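S.K.: Need a 3D model of the sequence below.
(chains A, B, C, D, E and F, ligands or ions: 12)
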Protein chains: 6
Amino acid sequence: PADRERTEPEVGVATGLAWTEFGGELLSIEVSITPGKGQVVMTGKLGDVMKESVQAAMSYVRTRSKHLGLKTNFYMTQDVHVHIPEGAIPKDGPSAGITVATALVSALTGNAVRKDICMTGEITLTGKVLPIGGLKEKALAAHRVKIDNVIIPKENEKDLPDIPASIRRKLNFISVENMDEVLELSFEKKRKSKSKRTQKTTTKKKTAKSRSRKTPTRKHPSVAHLN
Amino acid sequence: PADRERTEPEVGVATGLAWTEFGGELLSIEVSITPGKGQVVMTGKLGDVMKESVQAAMSYVRTRSKHLGLKTNFYMTQDVHVHIPEGAIPKDGPSAGITVATALVSALTGNAVRKDICMTGEITLTGKVLPIGGLKEKALAAHRVKIDNVIIPKENEKDLPDIPASIRRKLNFISVENMDEVLELSFEKKRKSKSKRTQKTTTKKKTAKSRSRKTPTRKHPSVAHLN
Amino acid sequence: PADRERTEPEVGVATGLAWTEFGGELLSIEVSITPGKGQVVMTGKLGDVMKESVQAAMSYVRTRSKHLGLKTNFYMTQDVHVHIPEGAIPKDGPSAGITVATALVSALTGNAVRKDICMTGEITLTGKVLPIGGLKEKALAAHRVKIDNVIIPKENEKDLPDIPASIRRKLNFISVENMDEVLELSFEKKRKSKSKRTQKTTTKKKTAKSRSRKTPTRKHPSVAHLN
Amino acid sequence: PADRERTEPEVGVATGLAWTEFGGELLSIEVSITPGKGQVVMTGKLGDVMKESVQAAMSYVRTRSKHLGLKTNFYMTQDVHVHIPEGAIPKDGPSAGITVATALVSALTGNAVRKDICMTGEITLTGKVLPIGGLKEKALAAHRVKIDNVIIPKENEKDLPDIPASIRRKLNFISVENMDEVLELSFEKKRKSKSKRTQKTTTKKKTAKSRSRKTPTRKHPSVAHLN
Amino acid sequence: PADRERTEPEVGVATGLAWTEFGGELLSIEVSITPGKGQVVMTGKLGDVMKESVQAAMSYVRTRSKHLGLKTNFYMTQDVHVHIPEGAIPKDGPSAGITVATALVSALTGNAVRKDICMTGEITLTGKVLPIGGLKEKALAAHRVKIDNVIIPKENEKDLPDIPASIRRKLNFISVENMDEVLELSFEKKRKSKSKRTQKTTTKKKTAKSRSRKTPTRKHPSVAHLN
Amino acid sequence: PADRERTEPEVGVATGLAWTEFGGELLSIEVSITPGKGQVVMTGKLGDVMKESVQAAMSYVRTRSKHLGLKTNFYMTQDVHVHIPEGAIPKDGPSAGITVATALVSALTGNAVRKDICMTGEITLTGKVLPIGGLKEKALAAHRVKIDNVIIPKENEKDLPDIPASIRRKLNFISVENMDEVLELSFEKKRKSKSKRTQKTTTKKKTAKSRSRKTPTRKHPSVAHLN
Ligand SMILES: [Ca+2]
Ligand SMILES: [Ca+2]
Ligand SMILES: [Ca+2]
Ligand SMILES: [Ca+2]
Ligand SMILES: [Ca+2]
Ligand SMILES: [Ca+2]
Ligand SMILES: [Ca+2]
Ligand SMILES: [Ca+2]
Ligand SMILES: [Ca+2]
Ligand SMILES: [Ca+2]
Ligand SMILES: [Ca+2]
Ligand SMILES: [Ca+2]
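M.R.: Ligands and ions are numbered 1, 2, ... in the order given. From the prediction side, this is the model:
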């Protein structure tokens, strides 16, 4: 199934990370936008908390519509469907929030999400990125499917040392505080990048070595290289 | 009851495959379209997961409306009813997704679905076809009612060897990755076929013989002939 | 109470047959149509399966509106109420489907349903008539209230031998495959009958002889007279 | 509390009879009609069966609107509230159907219901009056509050002998088959009465004496005088 | 908390009396009216019976809109919010009915409710005031917060002797049969009072002394002075 | 996580105080307003009581719209989303009422809430501030994140002595009776302050003396400085 995760960039699809009792999992989040009356449909056996995090992501995007170049009332003349395959597996929790928002922005702008990036983080209405659980398992899953760039909440930097050094060394963790940073990181550079607010955060540990040489030179405020 | 499954081509009806604890079953999926206000009704004692897969199929068709030659806002001026007889038997799971989408397209375009074909596969919003369970039982059911052509998800090719060779030999498995392929396969050739993307996949096993001579020469990207 | 079942023909009322743990029962199904906004109300303590079968019957009638001489969008400018007395008794199952459709057509066309006919059968969206359970008990109920003509699904012909010969002899079983046949049979002949598609089915048993000579010359594709 | 039941005629209020485990009870059924959008509100801790019987009563009145001199679409421009005090006591069952219909017609026509009459009976969409349970207890309740005229379903005539002779003697039972009869009986004679369809049914028993001298000379098809 | 109950007259607020297992309680009922589409919101952890009694109060006010000087369709162009603090305490039962109606009329007319009056009584659609339970505890609560005038249902006069004489002596019980009387009593005299229908009911008991000297000279049909 | 609470002033965000079984917690309440049809969405795993308190806060703001300089029908042309992170943690109770109202007013007026202030209190429709529970734990939480100004209900002044003196000494408790006072206190002084209604309340313990001389000259009716 991992093969499904590594195809070319797609519009309306972003890759999240989920924790399950059997370990971490990649979660493809799909959004379709069609002309409509403003209905929001959520499918994929989503629990109440996840449904609410979709609503939070939606409201964030509504609030930021002007900034994102969207028509101010896009949500009144279009229907939004957020689906998370595989449909028989129950999913819950707030940690897919930033992934949903990214897929939403992708579907609304027509810009494809980078395929070499995955992410996990709770979103708030104002676009803050809150910490999540299960970072270690999620990192192992990202490593398993060879998606090297992993966006994580800044408050989760403290959990990076729990990840086995051999894995940590091969992944590029990018920590963020705000949804705007996530969007800066997630899309291919179609618009002129202004390279602002870039900032690196290095978390060391025992035998850790700097992996900063592997860090791409793209803009993102906080980068955690762990070894 | 099997006799019900083998009549002439019908508009708005497609044949799926279900797994039950008593074995595989054929599932006739019916769709009716009438002028309306965009209501979607689902009946046949469908569980939540199946209802969501109907929603996913619907959104896929909405997204592909232009490609399918449908009016862009067909879903706002018509009501859709998806029904799966027999009404007293509970049904659930995502594996009827591609069948629902096929029946929907049939009802919306007025093109009848081929009667010598049945199918099983989960659909995603973007039209990916995801793997299903119970392939062996489903294959036995298809064989029982003599519907020789069976569309399956590409990821289920690995399960074909589990099917008894005597059955496998008589069935024509066609594996797909994308809903567009399913639609190419499911309808009588009314439109000019461009025979593109055809591809055959042969899975061999012990005493298997090539059954490729029975394979129709129609286009389909992946074909699994098993003996 | 049986007396209630045998009055003059009524518009919007058809007689079904139900199975209960105390034996068969006649079920009067009432439909009223009044100007409205397209609301469908169902009452009579109907279970979910029965409610869905009302929806299937409704969609069948919508699909066939032109054929039935109804205004194409009758369901948008009228409210439909389907009621099954007695209101305190729970009712469920799909076998009233064809009776509901018949009562609906009666209410919508203003044609009264024949009072000497009762029926049982599941309906699908496309008007197929699927088999039901409890045929023996239902037949006994029809006999008890002296409604001699009993429409049954063709697939239930195989159950006719279970009915005591003394009862079978006095009833006229008419087996059907399609809702169109039910409608042909259920109304007084107001329109010119074209006597098309008549077909006889003979069910044998032990000492059974061909009874085809006893078949009335009315139009209906399959008639099973059992003794 | 019985005193509440015996005031002057009121518009929109009719008196029903309920069975409880502590014996029969009078049930005041109130209906208010105000300009609106066609909403129907039901209060008084009504169970599902009773709510459905309110819907049946409403549909009966809709169907009969022309006959009753109501505007055909009264239910689209007015809101209807059906309330049964006392609000803390749960109520259920279909036997208040004819009382609800009577109160509805009263509220809609502005004609007060006679205060010397109470009633019990299930209503169907087509206005049939079906039998009810607990006739004996209901009769005792009517007697207790000195409402002498009691409308009952014709099929309940068979239960009249169960009522103690001393009570039966003092009550005037009027049995009906159809809601139209109930309406003829329930209102003060504002319109010219045509005295049609009058019919008396006499049920005798042991020491019964004729009470027909107490029967009002109004039209009603079936009258049961019991002694 | 009792201090909250004794401020100056307020628009849209009326004081009811509740029974709890810890004794009587005062219940402040707040109503706000704002331009809207006719929505009715009820909050304060209200049980179903209390919600229905709010609906009954609302319909009473709708029916009496002309008499109360309200715009006939006020409920279609305004939203109504009925709230009963304290929000964490569950509340149920029909006995706040007349209090809700009073607060509603206050909010709709802009007339403040008298602060020296509290009340308890079920309301019906037609404005009848039905008896309530827990009168003794409610009276003790009124006495505790020094609200001397207590409106009670006429049918509860029989319960007055249960109240300790020392309390009874200090309270002015005003018994009513109809909501119109409640409204006459609850507001400051802005309109000319016609002093009609005044009537006093005296319930005596052992050592009771007349307290009629404390009774205000306002109009109210039934006054019970108990000692 | 405490760090999240102390950033610069934000529009649409206010800081409440919650009681949990593990102690007090700060609760960031976020409100977003976007053009819409008047929908109110509440997320953050809110219990029924908290949802109702959001409704009460909303109605309070609607009622006060003119006073607050808002368009009278702002709630009909805008959608409101109230979200309380962290989305996976259940939240309930009425004590966030004044915080929700403050965040609402902030979002609607575009004025940022002061970041050095937090609050707790139930709101009623008419803007009264009712007492809450867990004041001690909430005060400890405010102290922990160094938000020194704590708005509390006046009726909770009696609970201040329960807070350890060392904490009380460092916090500035401001007690209020009315939501208008909360709004006066919560925003940066953009409008000219009229310094009206200032009043000081000092709550001492053990050896307490009159403290009215210690009240700062800011406007708020009751201020409790505790040592
Ligand atoms: Ca998986
Ligand atoms: Ca995730
Ligand atoms: Ca079957
Ligand atoms: Ca299937
Ligand atoms: Ca029966
Ligand atoms: Ca039936
Ligand atoms: Ca009673
Ligand atoms: Ca009754
Ligand atoms: Ca209290
Ligand atoms: Ca009360
Ligand atoms: Ca926290
Ligand atoms: Ca709080």
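
S.K.: helix/strand/coil for the closest residue to chain D within chain A?
M.R.: Closest approach between chain A and chain D, counting by CB to the nearest CB: residue A:37, at 20.2 Å. (C-beta placed from N, C-alpha, C; glycine too.) Following DSSP: H, G, I helix; E, B strand; the rest coil, we place residue A:37 in the coil state.

S.K.: That one: neighbour count?
M.R.: Residue A:37 has 10 neighbouring residues, counting by other CB atoms under 10 Å in any protein chain shown.

S.K.: Distance of the closest residue to it other than its chain neighbours relative to ligand 6?
M.R.: With CB to CB, 6 or more residues apart in numbering or on different chains as the criterion, residue A:37 has its nearest non-adjacent residue at 6.8 Å, and that residue is residue A:79. Per CB to the ion, to the nearest Å, residue A:79 is found 39 Å from ligand 6.

S.K.: Give me the contact list for the helix or strand hosting residue A:79.
M.R.: Assigning secondary structure by DSSP states H and E places residue A:79 in strand A:78-83. Contact with strand A:78-83 is made by A:29-44, A:54, A:58, A:100, A:103-104, A:107, B:52, B:55-56, B:59, B:62, B:124-125, as judged by CB atoms under 8 Å, 6 or more residues apart in numbering or on different chains.

S.K.: now with 7 Å?
M.R.: With CB atoms under 7 Å, 6 or more residues apart in numbering or on different chains as the test, strand A:78-83 has contacts from A:29-44, A:54, A:58, A:100, B:56, B:59, B:124-125.

S.K.: Run a quick check on residue A:32 versus residue B:61, I expect a contact.
M.R.: No: at 10.5 Å, residue A:32 does not count as touching residue B:61 under the criterion of CB atoms under 7 Å.

S.K.: Return the residues in contact with residue A:54.
M.R.: If you count contacts by CB under 7 Å, 6+ apart, then residue A:54 has A:42, A:82, A:100 around it.

S.K.: Let's verify the closest residue to the last one other than its chain neighbours: helix, strand, or coil?
M.R.: Translated: residue A:100. Closest residue to residue A:100 apart from its sequence neighbours, by CB to CB, 6+ apart: residue A:57 at 4.2 Å. Here residue A:57 is recorded as helix under three-state DSSP.

S.K.: again, but for the one 5 residues further on
M.R.: Under the three-state scheme (three-state DSSP), the conformation of residue A:62 reads as helix.

S.K.: Okay, now the unreliable bits of chain A?
M.R.: For chain A, applying pLDDT under 70 flags the ranges A:1-8, A:189-227.

S.K.: so which residue of it comes closest to chain C?
M.R.: The minimum distance from chain A to chain C, using CB to the nearest CB, falls at residue A:37 (17.2 Å).

S.K.: From ligand 6, how far off is that residue?
M.R.: Counting by CB to the ion, the gap from residue A:37 to ligand 6 is 39 Å.

S.K.: So stretch A:12-32, near chain F or not?
M.R.: No: figure legend: stretch A:12-32 not in contact with chain F (CB under 7 Å from any CB of the partner chain); closest approach 11.9 Å.

S.K.: Please point out which parts of that stretch sit buried.
M.R.: The neighbour-count check on stretch A:12-32 (16 or more other CB atoms under 10 Å in any protein chain shown) flags A:12-19, A:24-32 as buried.

S.K.: Which secondary structure element is home to residue A:182?
M.R.: Short version: residue A:182 belongs to helix A:179-186, going by DSSP H and E.

S.K.: how about the nearest residue to residue A:111, chain neighbours excluded?
M.R.: Residue A:111 sits nearest to residue A:187 (CB to CB, 6+ apart), 4.9 Å away.

S.K.: Next up, the contacts around that neighbour.
M.R.: A:111, A:113, A:114.

S.K.: Please look at the last one and residue A:184 and confirm they touch.
M.R.: No: with the criterion set as CB under 7 Å, residue A:114 and residue A:184 do not qualify as a contacting pair; they are 11.3 Å apart.

S.K.: and residue A:100, helix, strand or coil?
M.R.: Using three-state DSSP, the secondary structure recorded for residue A:100 is helix.

S.K.: Please determine how far it is located from ligand 6.
M.R.: 47 Å.

S.K.: where do the strands sit along chain A?
M.R.: A:13-20, A:23-35, A:40-43, A:78-83, A:117-119, A:122-123, A:129-130, A:149-153, A:172-176, A:201-202, A:222-225 (DSSP state E).

S.K.: Tell me which strands the fourth one pairs with, and in which orientation.
M.R.: Looking back up the chat, that one is strand A:78-83. Strand A:78-83 has its sheet partners listed here by DSSP bridges as strand A:23-35 (antiparallel), strand A:40-43 (parallel).

S.K.: Point out the one among the strands of chain A that comes closest to residue C:150.
M.R.: strand A:40-43 (44.1 Å; CB to CB).

S.K.: Write out the residues of chain A neighbouring chain B.
M.R.: A:1, A:10, A:12-13, A:30, A:32, A:34-35, A:41, A:43-45, A:81, A:83, A:85-88.

S.K.: repeat that for 8 Å
M.R.: Counting by CB under 8 Å from any CB of the partner chain, the residues of chain A close to chain B are A:1, A:4, A:10, A:12-13, A:28, A:30-32, A:34-37, A:41, A:43-45, A:79, A:81, A:83, A:85-88.

S.K.: What parts of chain A come near ligand 2?
M.R.: Neighbours of ligand 2 within chain A, by CB under 5 Å from the ion: A:16, A:17, A:95, A:96, A:120.

S.K.: Now flag whichever of those residues is closest to residue E:71.
M.R.: Nearest to residue E:71 among the residues of chain A next to ligand 2, with distances taken as CB to CB, is residue A:96, at 49.5 Å.

S.K.: dump the residue contacts of the residue lying closest to that closest one once chain neighbours are set aside.
M.R.: Using CB to CB, 6+ apart and skipping residues adjacent in sequence, the residue nearest residue A:96 is residue A:16, 4.6 Å away. By CB under 8 Å, 6+ apart, residue A:16 lies in contact with A:26, A:27, A:28, A:29, A:95, A:96, A:99, A:100, A:118, A:119, A:120.
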